[in-house]
Structure formats: C-alpha cells, structure tokens
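Asker: take a look and give me a structure for this.
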Amino acid sequence: MTRYLKRGRAESDKQSDDSQVRTIVEGIIADVTRRGDDAVRELSVKFDKWDRESYRLSDSEIRGCIAQLSKTNLDDIRFAQQQVRNFAEHQRTSLRDIEVETLPGVVLGQEYPGQFCGLLRARRKVSVAGVGPYVRADGKSGRGCPCGDLCAAV
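Answerer: Model prediction:
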C-alpha cells in the first residue's frame, strides 16, 4: 500500500494562486507605467522598507558598490550579463522559433505561437507565461550580491 507523506496542492488551488499573482503583478506594472518613479518609490518602501531621494545612482555610488563586490560576485554578474546579451542577440535576429545552447547543456529558446503545429515537435516544450527579476534594494535577495543597488542598476 502506498503511503503519502505529503500531497501536492489541487490543480484548481494552484490555478487560483496563479490568477491572483497575475492580477497583482499586472496591477503593479500598470501602476509603474502610469505613475513612474512615484510608484517605484512606494513599492520600495512597502516591500523593502527602503527609500532615498533619488533612485538613480551616481557614478561614484556605482563605483562604490562595485568595490564592495568580491571578484567572484563580479565575475558572476558579468557572466550572467553575457549570457543574457548572447541570447538576446540571437533572439533579435530571429522571427522564428529558435533554440540556442549558450553553454554545454544550457538550452535557451523561444517559440512563436501558431507558427508550427505542436504535434510535429520532437522535443517537449514547457511554456512560461512570464518571468522577471526582483532584487531587493538592501541586497538580501537569496543568492543576490551584497550590493542590491548595483544588481538593480544592472
């Protein structure tokens, strides 16, 4: 007899959560689009308890942030930037489905809906409706660097 230690949530519950998250995120994006920096400031205070007169970093502040990073952190940021840039360059030149192996075993891709019948594809595609980064201003994001200002500026 099978004994479950933990069961996953019901699909209807997951869909409800997804819908709520989508509604919240769409509201935030609409607010930032409509009110710009004022909305960003309110979100920063609300979520990070952080504010400053100007959210634009000066050149000296950027240099100061960079100086706080270890060589490994800086190399990791540069590596990530290069990967994003590399994929974006391939993506920009393409008006069709693409898959690019940016590193051995790392396959990135895009798919244009309706261009091909999904039944003809040899590989299984997993769709992601949307994605976006969030780096806390105080640098306390999971694996984030100790200088969230720099990461947010990057």
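
Asker: so Glu99, which of the three states?
Answerer: Put simply, Glu99 is strand when judged by DSSP: H, G, I helix; E, B strand; the rest coil.

Asker: and it, how many neighbours does it have?
Answerer: Counted with other C-beta atoms under 10 Å, the neighbours of Glu99 add up to 12. No exception for glycine: its C-beta is placed from N, CA and C like everyone else's.

Asker: right, and it touches Leu108 too?
Answerer: Yes. At 7.3 Å, Glu99 counts as touching Leu108 under the criterion of C-beta atoms under 8 Å.

Asker: tell me how far the residue nearest to Asp31 when sequence neighbours are not counted lies from Glu11.
Answerer: The shortest distance from Asp31 to any non-neighbouring residue, by C-beta to C-beta, 6 or more residues apart in numbering, is to Ala39 (4.5 Å). Distance of Ala39 to Glu11, given as C-beta to C-beta, to the nearest Å: 34 Å.

Asker: give me the more crowded residue out of the two.
Answerer: Applying other C-beta under 10 Å to Ala39 and Glu11 shows that Ala39 carries more neighbours, namely 16 against 8.

Asker: Ala30 is in contact with that one, correct?
Answerer: No. With contact defined as C-beta under 8 Å, Ala39 does not reach Ala30; the gap is 9.2 Å.
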